[in-house]
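Q: Got a sequence here, can you build the structure:
(one chain, ligands or ions: 1)
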Amino acid sequence: MASIDASIAPARPARRTDWLGRSATFCYLAIAAGQLLFIAFILLYYYPPTLTGNFADWNRKPIITGFVAGDTAGNLFFAVHVLMAAVITFGGLVQLVPAIRSRWPAAHRWNGRLYLVSALTLALGGLWMTWGRGTWLNYVGAIGITLDALLIVLFAGLAWRAARSHRFADHRRWAIRLFAVASAVWFMRVGYMAWGLATGGAGIGKAMDGPFDLFLAFANSLLPLAVAELYLRAGARGTPLARQATAALLGASSLVILAGSAGAWMVMWGPYI
Ligand code: HEM
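A: As a prediction, this is how the structure comes out:
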């Protein structure tokens with residue numbers, strides 16, 4: 001696991017005994033555990049009906065607008081979206097492992113291209129489903145996910161451009177920011193569950209229009225992005241105190257992620273497969 005440590009390691013080489021490096025590894029492992037559960041749900045719930053054309057089965061669980069008879073374009077966009085959702089989530093986890101990057105650079109490059117294509121497909125397709133198909137519950141939620149889509153497109157472009165021009169330190173920074181915002185829809189589910197476990201659902205509205213819903217509509221991308229930014233800054237030029245504080249923040253975030261992911265599996269995903 002020391003290799004994962006180095007994957008998201010600060011520009012200043014992280015020693016194995018360094019708390020920032022250790023907690024970054026722990027945070028990666030917590031994210032990986034939660035995202036693997038999300039991937040398992042997508043593969044078991046969405047893949048079989050999508051690949052066999054049995055689209056009506058998408059609606060076995062509560063969603064806003066899944067299969068609609070006669071809406072060929074909308075159904076196809078939804079199908080591509082859920083198929084790519086597993087690809088991007090798995091691809092992101094693989095891309096952050098440095099052993100793969102150093103031992104199989106070609107695999108890193110091809111997986112990187114696939115990640116960028118899936119990021120653009122999900123962001124642009126998701127924008128069409130939101131505004132073209134009209135899949136939204138309230139304006140704040142729709143604007144929050146739109147912001148996420150725009151950040152995904154922006155960071156994907158910047159990560160790609162930095163890699164093309166061999167500015168690898170910049171590439172790593174933009175790629176980590178891209179990973180944070182491309183994981184926003186997963187963070188949202190985990191965030192709801194962690195908050196629900198801690199407070200019993202305070203501030204969650206019936207139409208997802210309570211104060212917590214409105215907060216999470218933007219926090220799902222901006223909060224992980226802020227934590228990633230603190231981590232990048234602490235790693236590059238943080239004082240020992242800043243590094244320790246960031247390590248503590250990553251450690252606490254990891255515990256929240258583990259609790260929220262377990263909750264998401266028990267409530268949102270597991271019961272439907
Ligand atoms: C980039 C990573 C993304 C992943 C992994 C992802 C994943 C998913 C999944 C698994 C679903 C199925 C609904 C469920 O079972 O909960 C879904 C639905 C949807 N996604 Fe995404 N998504 C991503 C990005 C986006 C973006 C950026 C937007 C909007 C701009 C978006 C808009 C939608 C919409 C409108 C639906 C239909 C929701 C419903 O009918 O309830 N997605 N997405």
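
Q: what about the closest residue to Gln244 other than its chain neighbours, how many neighbours?
A: Sequence neighbours aside, Trp19 is the residue nearest to Gln244 in space, at 6.1 Å (criterion: Cβ to Cβ, 6 or more residues apart in numbering). The C-beta positions use only the backbone N, C-alpha and C, and glycine is treated the same way. By other Cβ atoms under 10 Å, 17 other residues sit near Trp19.

Q: wait, isn't Trp19 in contact with Ala247?
A: Yes: using Cβ atoms under 8 Å, Trp19 is in contact with Ala247, at 4.0 Å.

Q: so what pLDDT did the residue nearest to Trp265 when sequence neighbours are not counted get?
A: The spatial neighbour of Trp265 that comes closest, neighbours along the chain excluded (Cβ to Cβ, 6+ apart), is Leu37 at 4.8 Å. For Leu37, the pLDDT comes out at 98.

Q: in the stretch 101-250 of the chain, which spans are helices?
A: Per DSSP state H, counting those that start in this stretch, the stretch 101-250 of the chain carries helices over the ranges 105-127, 139-164, 168-182, 184-199, 211-237, 240-264.

Q: returning to that earlier point: which strands and helices lie in contact with the helix or strand the residue nearest to Trp265 falls within?
A: Taking DSSP states H and E as the definition, one finds Leu37 inside helix 19-41. Secondary-structure packing of helix 19-41 (3 or more Cβ pairs under 8 Å, 6 or more residues apart in numbering; DSSP states H and E): helix 2-7, helix 72-95, helix 184-199, helix 211-237, helix 240-264.

Q: export these to TSV and tack on mean neighbour count and mean pLDDT?
A: Listed next are these as TSV, based on neighbours: other Cβ atoms under 10 Å; pLDDT from 0 to 100:
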stretch	mean neighbour count	mean pLDDT
helix 2-7	18	40
helix 72-95	18	98
helix 184-199	20	98
helix 211-237	19	97
helix 240-264	18	98
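
Q: Now render the ones you listed as JSON lines, adding distance to the ligand.
A: Formatted as JSON lines, these follow (distance: least, Cβ to the nearest ligand atom, whole Å):
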{"stretch": "helix 2-7", "distance to the ligand": "20"}
{"stretch": "helix 72-95", "distance to the ligand": "4"}
{"stretch": "helix 184-199", "distance to the ligand": "4"}
{"stretch": "helix 211-237", "distance to the ligand": "9"}
{"stretch": "helix 240-264", "distance to the ligand": "10"}
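
Q: hmm, back to that, just the buried residues of the helix holding Leu37, please?
A: 19-28, 30-32, 34-35, 37-39, 41 (16 or more other Cβ atoms under 10 Å).

Q: do the same with stretch 152-161
A: 152-153, 155-156, 158-160.

Q: Taking those together, which two end up most distant?
A: Pairwise distances among those were taken by Cβ to Cβ; the largest, 12.2 Å, belongs to Ile152 and Trp160.

Q: How about the residue in the chain that the ligand sits nearest to: what's its closest non-neighbour residue?
A: Taking Cβ to the nearest ligand atom, the ligand has its nearest neighbour within the chain at Gly126, 2.2 Å off. Nearest in space to Gly126, with sequence neighbours left out and distances taken as Cβ to Cβ, 6+ apart, is Ala149 at 5.7 Å.

Q: cool, and Tyr272?
A: Lys61 is the one closest to Tyr272 (Cβ to Cβ, 6+ apart), at 4.5 Å.

Q: how about the residues of the stretch 1-150 of the chain that lie near the ligand?
A: For the stretch 1-150 of the chain, the contact set with the ligand under Cβ under 6 Å from any ligand atom comprises 42, 63-66, 81-82, 85, 88-89, 122-123, 126-127, 129-130, 135, 145-146, 148-149.

Q: For Gly144, see how far away Ala156 is.
A: 19 Å (Cβ to Cβ, to the nearest Å).

Q: ditto for Asp18
A: Relative to Gly144, Asp18 is positioned 35 Å away (Cβ to Cβ).
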